[in-house]
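Engineer: curious how this folds, go ahead:
(2 chains)
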Amino acid sequence: MKRDRSPEINSQKTKTFLEKIVPLTVVLSITAIREAYEDYQRHKSDNKTNNREVLVLRNGEWLPTAWKDVHVSDFVKVRENEFLPVDLLLLSSNDERGICYIDTRNLDGETNLKIRQALPETLEFSNIDNLQKINAQFACELPNNNISGFDGNITFEKGVKLSLNQNQLLLRGSTLKNSKWVIGFTVFTGKDTKLIQNSKDAPSKRSSVEIQLNPRLITLFIFLMFMGIVGGTMTTLWERKWQNKAWYMGFEKQSKLAQNVFVSGIIGFLSFVIVSNVIVPISLYVSLEIVKFSQSWFIEKDLKMYHKKTDTPAKARTSNLTEEIGCVDHIFSDKTGTLTCNIMNFQKCSINGEIYGSYQNKHANNYYNKGKGKKYMEREKEKEKEKKRGKEGKNIKKKFKDKNLLRDLHESEEIQSNNIHDFLLTMSLCHTVIVQNDLDEIENYSEIQYQASSPDEEALVKAARDLGYTFLERTPKSITIDIEGKKMIYEVLNILEFNSARKRMSVIVKDPEGQIILLMKGADDTIYERLYKEITQINSDITHNHIELFASEGLRTLCFAKKNLNDEEYLEWNKIFHEANTLTVDRKKNVEKACEQIENNLFLIGASAIEDKLQKGVPKAISSLSQAGIKIWVLTGDKRGTAINIGFACSLLTKGMHLINIKSESLDEYLIEMENANEIIFNQNNKNKPRALIISGKALRFALTEDQKISFLNLAQRCQAVICCRVSPIQKSQVVMLVKENVKESITLAIGDGANDVSMIQAAHVGVGISGNEGMQAVNSSDYSIAQFRFLSRLLLVHGRWCYKRVTKVILYSFYKNVALSFMQILFGYFSGWSAQTLFPAFLMSTYNLFFTSLPILIVGIFDQDISDESEEKYPQLYSGDNQKDEFSFKSYWVWIIEGLYHACVMFFIPLLVMGTNIARSDGKPTSFWVYGLIIYTFVVFVVNLKVAIETTYWTWMHHFTIWGSIIFWFLLIFLICNSFKMNSYLYAVANEAFAQPHFWISLLLVVFICLLPDITWKYIRRNYFPKDFHIIQEIEKKRAKQEKKKNKFRFKQSESSNDEKDHLLNSKNHITYTNVPTKKKNYLQGTLSDIKIDSEDSMLGSNFSSSSNIILVKKEKKKSIRIDSSDSFH
Amino acid sequence: MSEAINKSRASKFKQQKLPARQPILKPRSVIPTMLVLGIFFIVMGVIFVLSVDSVIEVSKRYDDKCEIGSNCTITFEPPSDMESPVYFYYELTNFYQNHRRYVKSRDDTQLGGEILSYEDAEELCDPIISLDGEEKDSMVYQPCGLIVWSQFNDTLTVKNGDEVLDFNENGIAWESDIESKFQNPDPKPDPDSPTTLQSDFTEEHFVIWMRVAALPTFRKLYAVLENGKLEQGKQYSVNIENNYPVSSFDGQKSLIFTTTTWVGGKNTFLGYAYISLGSILFLIGLGFLLKHLIKPRELGKEKYLKWE
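Structural biologist: Below you'll find the model as predicted:
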């Protein structure tokens, strides 16, 4: 190399351009790579769906065809348990009447099977030959999002025109059940299907912090422009004044252009903008990408959000929103499959005024205990402990067994025995369940698989089986049951089916002895209306109380009633019923009427209570989340009653709550109801009473209109809980949008598991999908997926809070450090003739954010924890308590910016005063410009890194490594550079000269302390005199850690003397007496004492060695805890 | 089902449970630190002030007493004995050596002894490139650039009566600069050639001039009295060959004689800054202490939580 040319500004323009473009390129490419990767993942899962196969009629045979190749007008054959790939017009099925069942869980969240029936005229198209001969014209509505309606017609060549409705339409996303196969005609495919019409394009979401980032960046940009303009103007003024005077500048030797002061001004402006450009931190985006990626990674690795049973960890499907989950204030939750496991258990019953079953809902009514979170947590802990001890067995699908019930059935006086018999009979006869297995293959009744249209029915039938009344077989005319070993055949005369208007179902059967009985089950109000009124039924009041009791425990209740019929009565009625059924006009109405005629004068048997099994930990999670100040809305396609029940069960609703029901069918009604509701709300007497709003989908339609939505929202915002029942998927997203758009600064989160939740998951700021089940649509469109609802509280309270704090810290710090560096340029402008000379070598400007100040804040951004996850979960109030959002308010932004400006001034002026003009060196040699710049830059490296240090609340070895490492690295690098003439001629030997002088170190100490003193003083004052909640909790944690240490020491000491003590403990039961016990603790001690007794007695039963050694363990533990407690209370 | 394929390892890192310290600003640690640091800074400050106090500095402006192009003599009297080493500086004011156009107008490779082509010089040395602006390699200034061109060229001689004092004009620049950064080219530039702006690149006044100053008021070392002393009450004179014009840019020229201590020359700023900082620290510490004694807040009590 002939010559190395790297003098300071030789090619400043190209250099600064490169310096600017390289980080930008790096930022953009990292973002692009991440986006590409995420898109690829999405593409892969899309591909999987697209390439699923289904049978399509092609060239005269059923060919397996990929979903993506199914076109409108194809004939498709779907087999049992397959997903429907398109919206299909049902032509025929394996059933001769053309009936098939579909599971629409993914569409509307409802779990009961839906019946679809082909038109009789199309039944013949059940084989290939007939299908090929088909010649008809088909017309239908345009693609739309109404999943509960369809309009179309089909005209055959003979001119027969048949109208079609949703009964013939099988929707994409549903599953075929209980039917071997169906054949259909493709109506809508792809994005025309009602499922997709109901969902929206996956929006690319940006967190609100990121959105708020923009105005702040713009402020900085304006600041930069301001500095540029000031700099440029001053350049012009300076040059105009001095051009002819400062001969040493050689102005007259410059070109004409360079002599023009206005050109100089423009160059000055540009130069100032370039030299201060770091003030708009591009590198921030790289830091944020890395930080957020790490956060997402931690979320995915968190074992406390890992669901063992389904082997599903949490998944962050986007890394954009990590900080968003730290300030959620509205949660919109689906019910089925999200809050519940969708498993029903028969838990209790009340028969003739007697309660059987011992279920106790520990969670019910917890809503009220908000304030007493501690007690609640303790109880939870107790329970968990119990579980660990294995005292409480697995509670999933527990068989219902109650010795009393069986004893009463067999032994008690006739009335009760008969009642129980009737009760069980109703359970095993009055339903529409089908047996799936072949009975011949079954050895044990418990192996029987039932297929029910609703999980409730299944639970009832199974409970009856467990109590000895086994439902074995259903034929169109009869039901076979096994009553305690005897097979009985009941002739089924009529089934009066269930629908939501009737809210009841009854069967009329003839028992083996020839007696005709009507057995009925239904909602309590409908049954009570129809009881025999001539004689008061003594037990009806008691039963009613029991039903209330069950409901308050969050159980779903059903009433059972019966009535004996004599033959004439029945025959007479059957005639009417038959006539009504064969009517062509007003059939429905007349059938209804006929039913009313027989369903009366009933005798109440009792009531059942079924638990819609909540997912584990849901009530705790909900109470945590609501303590965290988050409003929870439950949006469900389910019935009002079910929704309310679940609301109670998951402690969203509580007994003392005022429930505001809105269930209007028309706008007028709605307005009246709203008025009433507002009256209740603004009534002074009710002011402090907790309220809940329950609104149905129909009423919601009125509520969501432009005129009404704000008043509805106002009402909803005044309620502690909101439940929307019977809502359609698109309504779910409308509700989310309503809150998102109209509640200022709200962050919404939607959680759901089914395809019907997709639209709301996409609409909300954050979408969470429940993974681990079959349907993946919700998960695929979500931002986070978790296996269980209960993980949501950890996701928000722990990860969300941490991430928010970390991300805001990274952003604000990034602003601060760049302001500090670039503001010095304008200060130096004043002293350098406004010439935009850089104070530091240009390469130090561009590597500032890369080498010397990037890692510590990254480490803080990735690892910082102001308080531990345990505390975050223990004190959910922290989530919103400290006004989290303040941390990224404009106020705190300015605080950081001003701190940056302050530090810039200190770091600039102190060296100026120490060595600017004066002789600072002891050897009298003068310093120089680059020495000055390098010293200031060193101050910057120190101060800015120490600022991270005082912002760090969680010091791991990585923090030490990066913070001190950055400073050491600076010294190493600058020594290396300064000792190579080739690398940088103008810096040659500068570092050696700069750092060898005592005045440098003396002023370093001064600068560091002057910079950080206000910060530390403020931090101290705030902690000690205006503490925020997290300060207190940090202290509590510290205290606890100390106690823990003490305890460990104690344990260590104890183990030394353990041999003696073991004997001592074994022999004496009153070992506690030697500890010094304050009176207050006595009760507690007695409690533990008796506990120990029980433990030892238990182990006495098995008198082997291992059990006795168990005693020691138990005793030791107890003793320790007592000691610590008592010592604690001395303080 | 229970095969845990997707389960992550229970490592402390992944579970964010790395061992860590969480220091908090407790009164028990903060107050003593503040007080001790306060005292430390005050003591240090006093030491600095006392050290600087022993420094003697004499400053004489001369641009207003001397015509450009003439020879004049400035006399001064040390207020007390100035023991060697006595440093002799010239000071210029309102001279923007740190101006962007000025700072960049040099070529370090040329100063390191290389011969420069016109193209290279043009790139870096603008506007002082070549004699009469001729675009020939041979016409390139030796060395080129504004800094060289505007070199300080007054000659200063310190005398005691007629006796020239033994002020050493060597060993005043950074050793590294003389030894390696500045090298004479081969052949040495002809002192009589009109393209030669500096015939000896390692001449120390030149080297010091080439280390541009950070601020528009600056002092550059001219010579050092290594032996003997300047005595109190004696009249010393400085003979000045006054060549360097400063009046056009409102500048001033001064002579400075000073001794130094380990913290530098006559600059009391550090000392007083230390004392002030120390006092503030001490007062804050005292304030905290009083507040803590009068009305302490118990640490880690749940009753302080807002929701309790």
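Engineer: what does stretch B:297-308 contact?
Structural biologist: Applying CB atoms under 8 Å, 6 or more residues apart in numbering or on different chains, the contact partners of stretch B:297-308 are A:371, A:875, A:877, A:881, A:1024-1025, A:1027, A:1029, A:1032-1033, A:1035-1039, B:26. In short, each C-beta sits where N, CA and C put it, glycine included.
Engineer: just the buried subset of those, please.
Structural biologist: Neighbour-count burial (16 or more other CB atoms under 10 Å in any protein chain shown) applied to the contacts of stretch B:297-308 gives A:875, A:877, A:881, A:1024, A:1027, A:1029, A:1032, A:1033, A:1035, A:1036, A:1037, A:1038.
Engineer: excluding chain neighbours, what is closest to residue A:893?
Structural biologist: Leaving aside its sequence neighbours, residue A:893 sits nearest to residue A:216 (CB to CB, 6 or more residues apart in numbering or on different chains; 5.5 Å).
Engineer: count the neighbours of that neighbour for me.
Structural biologist: Using other CB atoms under 10 Å in any protein chain shown, residue A:216 has 18 neighbouring residues.
Engineer: any buried residues in the helix or strand where it lies, and which?
Structural biologist: Secondary structure from DSSP states H and E places residue A:216 in helix A:208-242. Buried residues in helix A:208-242, defined by neighbour count with 16+ other CB under 10 Å: A:208-210, A:212-213, A:216-217, A:219-220, A:223-224, A:227-228, A:230-232, A:234-236, A:238-239, A:242.
Engineer: what's whichever helix or strand comes after it in contact with?
Structural biologist: On the C-terminal side of helix A:208-242, the nearest following helix or strand under DSSP H and E is helix A:256-259. Contacts to helix A:256-259, defined as CB under 8 Å, 6+ apart, come from residues A:243, A:251, A:252, A:263, A:264, B:127.
Engineer: go on, stretch A:515-523?
Structural biologist: Here stretch A:515-523 has contacts from A:422, A:425-426, A:429-430, A:460, A:493, A:498, A:502-511, A:527, A:530, A:558-567, A:570, A:598-599, A:602, A:608, A:641, using CB under 8 Å, 6+ apart.
Engineer: residue A:866 touches residue A:954, doesn't it?
Structural biologist: Yes. Under the criterion of CB atoms under 8 Å, residue A:866 makes contact with residue A:954 at 7.4 Å.
Engineer: mind listing what residue A:235 touches?
Structural biologist: A:264, A:265, A:267, A:268, A:269, A:834, A:835, A:836.
Engineer: ok, for it, nearest residue in space, not its chain neighbours?
Structural biologist: Nearest non-adjacent residue to residue A:235, counting by CB to CB, 6+ apart: residue A:268, 2.8 Å away.
Engineer: in the helix or strand that contains the one you found, what's buried?
Structural biologist: Here residue A:268 sits within helix A:261-275, counting by DSSP H and E. The neighbour-count check on helix A:261-275 (16+ other CB under 10 Å) flags A:261, A:263-265, A:267-275 as buried.
Engineer: what's the answer for stretch B:160-167, then?
Structural biologist: For stretch B:160-167, burial by neighbour count (16+ other CB under 10 Å) applies to B:165, B:167.
Engineer: now find how far off-centre that stretch is within its chain.
Structural biologist: Centroid displacement of stretch B:160-167 relative to its chain, using CA atoms, centre = their mean, to the nearest Å, is 29 Å.
Engineer: what residues are up against the closest residue to residue A:75 other than its chain neighbours?
Structural biologist: Excluding the flanking residues, the one nearest residue A:75 by CB to CB, 6+ apart is residue A:57, at 3.9 Å. The contact partners of residue A:57, by CB under 8 Å, 6+ apart, come to A:63, A:74, A:75, A:76, A:77, A:128, A:131, A:132.
Engineer: also residue A:85?
Structural biologist: Contacts for residue A:85 were tallied using CB under 8 Å, 6+ apart; they are A:52, A:54, A:67, A:70, A:76, A:78, A:172.
Engineer: do that again at 10 Å, thanks
Structural biologist: If you count contacts by CB atoms under 10 Å, 6 or more residues apart in numbering or on different chains, residue A:85 has them with A:49-50, A:52-54, A:56, A:65-70, A:74, A:76, A:78, A:172-173, A:186, A:189-190, A:193.
Engineer: what about the nearest residue to it once chain neighbours are set aside, neighbour count?
Structural biologist: Distances taken as CB to CB, 6+ apart place residue A:67 nearest to residue A:85, at 4.4 Å, with adjacent residues excluded. As a burial measure, residue A:67 scores 18 neighbours (other CB under 10 Å).
Engineer: good, wrapping up.
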